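> here's a sequence, model it:
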Amino acid sequence: MPRQFFVGGNFKMNPSSVEQKKAIAKILNEAQLDPATEVVIAPPSLYLIPLKDCLRRDIQVAAQNCYHKTSGAFTGEISPSQLVDARVPYVILGHSERRTLFHEDSKFVGHKTKAALDASLKVILCVGETLQEREADKTAEVVNSQLQAVVDILKEESDWSNIVIAYEPVWAIGTGKVATAAQAQEAHYDIREFLKKHVSQAVADNTRVIYGGSVTAANCRELATQPDVDGFLVGGASLKPEFVDIINANRG
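Have a look, this model is predicted:
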């Protein structure tokens, strides 16, 4: 079975008003979207439920983060079980901004991933290297280390059916720089090789690996032609009308 194309939109700490939220929803609700592509948008937590309730049914929502505990004295956090109760199906974990700005290491991301999966959430798991690491030819080493922390805590193959891996080179996030199609393909291929070696051939074949890093309407179609690129996690462009073109990048 071919892997279903996946396009996620990470709004980050945007939009800045309810009116902008409504405008984004209107564009998506009225657009002709590729029915073969799974579409998930991740607004700030404040807008999760209102957006979920006003979006058409073929567009899902994701939280941008969650904690690894079910409940407790953790001010400002959201638990996996609370997201499930709110009927939010996905959560983004391990984004580079969480790793760098909020000092979440790979082991912590692994614990959060397991907690999310145990609660029956689906996870968009982010991995990626800095420019310094890429220039030192350490891309595979860094990404494999980030994945290993998740492999170590999950162990069971069945968990991987609810994981989408987002390869996001840190040097290409919000910079306007983008990995070439060949660079993206190489990194995605290496991720599959890692999964084949450390989990199983079936998981390597079936896990969707998507690309994130300044994806736009101008570069998405070439990236989508790569055999190991199964879609995108889009940042800034997901707030613009061109997000529709990116969702349709794999349409014949």
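
> what is the helix or strand containing residue 82 packed up against?
Assigned by DSSP states H and E, residue 82 falls within helix 80-85. Packing partners of helix 80-85 (3 or more C-beta pairs under 8 Å, 6 or more residues apart in numbering; DSSP states H and E): helix 106-118. The C-beta positions use only the backbone N, C-alpha and C, and glycine is treated the same way.

> following the chain onward from the helix it packs on, which element is next?
By DSSP H and E, the next helix or strand past helix 106-118 is strand 122-127.

> does residue 60 fall in a helix, a strand, or a coil region?
strand (DSSP: H, G, I helix; E, B strand; the rest coil).

> correct me, but it touches residue 43?
No: judged on C-beta atoms under 8 Å, residue 60 makes no contact with residue 43 at a distance of 11.7 Å.

> where does the closest residue in space to residue 248 that isn't next to it in sequence land on pLDDT?
Of all residues not flanking residue 248 in the chain, residue 34 sits nearest, at 4.8 Å (C-beta to C-beta, 6 or more residues apart in numbering). As predicted, residue 34 sits at a pLDDT of 98.

> next one: the one 10 residues further on
Model confidence at residue 44, expressed as pLDDT, equals 96.

> got it, and residue 222?
For residue 222, the pLDDT comes out at 96.

> ok, residue 136 next?
95.

> what does stretch 192-209 rub up against?
1, 3-4, 6, 140, 143-144, 147-148, 151, 157, 160-161, 163-167, 188, 191, 228-231 (C-beta atoms under 8 Å, 6 or more residues apart in numbering).

> from those, which land in strands?
Using DSSP state E, the members of the contacts of stretch 192-209 that fall in strands are 6, 163-167, 231.

> please indicate which of the contacts of stretch 192-209 are buried?
6, 140, 143-144, 147, 151, 160, 163-167, 188, 191, 228-231 (16 or more other C-beta atoms under 10 Å).
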